[in-house]
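Engineer: Turn this into a model:
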Amino acid sequence: MRNFTKSKGGFTIIEVVLVLAIAGLIFLIVFLAVPALQRGQRDTQRKNDLSRLVASVQSYQSNNKGAIPVTTTGPVTGFLDSYLKKDSAFSDPTGGDYTLSRVTSVPTTVDTPDSGTINYVIGRDCSNASVGNRKVAFIMGLEGGGVSCQTN
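Structural biologist: Model prediction:
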């Protein structure tokens, strides 16, 4: 009768390669997911800033007999400082201040979403329908694609 002795336990090369391959896949998934999450966070911040802008316009209107704080030449002097920057900063998540730019109709796409530009249309809503001169549609491009639009 033969005596078989067990050899010492250890990892085989195949097991080590398999663990390294799985770790590499996990690293790759995380590496690809982080930029998308950051882009989504910046888009959420932009949408929140747009909501703050609309709320500030509504506050301005209630203090100024329904007048809107933007004109054909730009925002009324002091509106951004008095209503938006009073409590906290109002700037694009990628850095720099937002700028307001008047356009003639509501765009469906914006070429440079991270430029910090908020487009506005006087007398239109987000569907581009005419709604009177006391309404303003604010439009901002998003990094994830598309635009965010809100009307006061």
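
Engineer: Need the contact partners of stretch 22-41.
Structural biologist: Contacts to stretch 22-41, defined as C-beta atoms under 8 Å, 6 or more residues apart in numbering, come from residues 93, 143, 144. Where C-beta positions appear, they are placed from N, C-alpha and C, glycine not excepted.

Engineer: oh sorry, the question was meant for stretch 54-74
Structural biologist: The contact list for stretch 54-74, computed with C-beta under 8 Å, 6+ apart, reads 75-76, 79, 83-84, 100, 102, 120, 122, 133-136, 138, 150-152.

Engineer: Phi, psi for the residue nearest the centre of the chain please.
Structural biologist: Central residue of the chain (C-alpha atoms, centre = their mean): residue 43, 1.5 Å from the mean position. The phi/psi pair for residue 43 (degrees, to the nearest 10) reads phi -60, psi -40.

Engineer: pLDDT score for it?
Structural biologist: pLDDT for residue 43: 88.

Engineer: got it, and residue 72?
Structural biologist: The model reports residue 72 with a pLDDT of 64.

Engineer: follow-up on the earlier one: which among the contacts of stretch 54-74 count as buried?
Structural biologist: Buried members of those, scored by 16 or more other C-beta atoms under 10 Å, are 75-76, 79, 83-84, 100, 120, 122, 135-136, 138, 150-152.

Engineer: will you turn those residues into CSV that also has secondary structure, distance to residue 54 and pLDDT?
Structural biologist: Listed next are the buried ones among the contacts of stretch 54-74 as CSV, based on DSSP: H, G, I helix; E, B strand; the rest coil; distance: C-beta to C-beta, whole Å; pLDDT from 0 to 100:
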residue, secondary structure, distance to residue 54, pLDDT
75, strand, 14, 71
76, coil, 16, 70
79, helix, 13, 75
83, helix, 11, 74
84, helix, 11, 70
100, strand, 13, 79
120, strand, 10, 84
122, strand, 14, 85
135, coil, 11, 86
136, strand, 8, 85
138, strand, 6, 88
150, strand, 5, 87
151, strand, 7, 88
152, coil, 5, 84
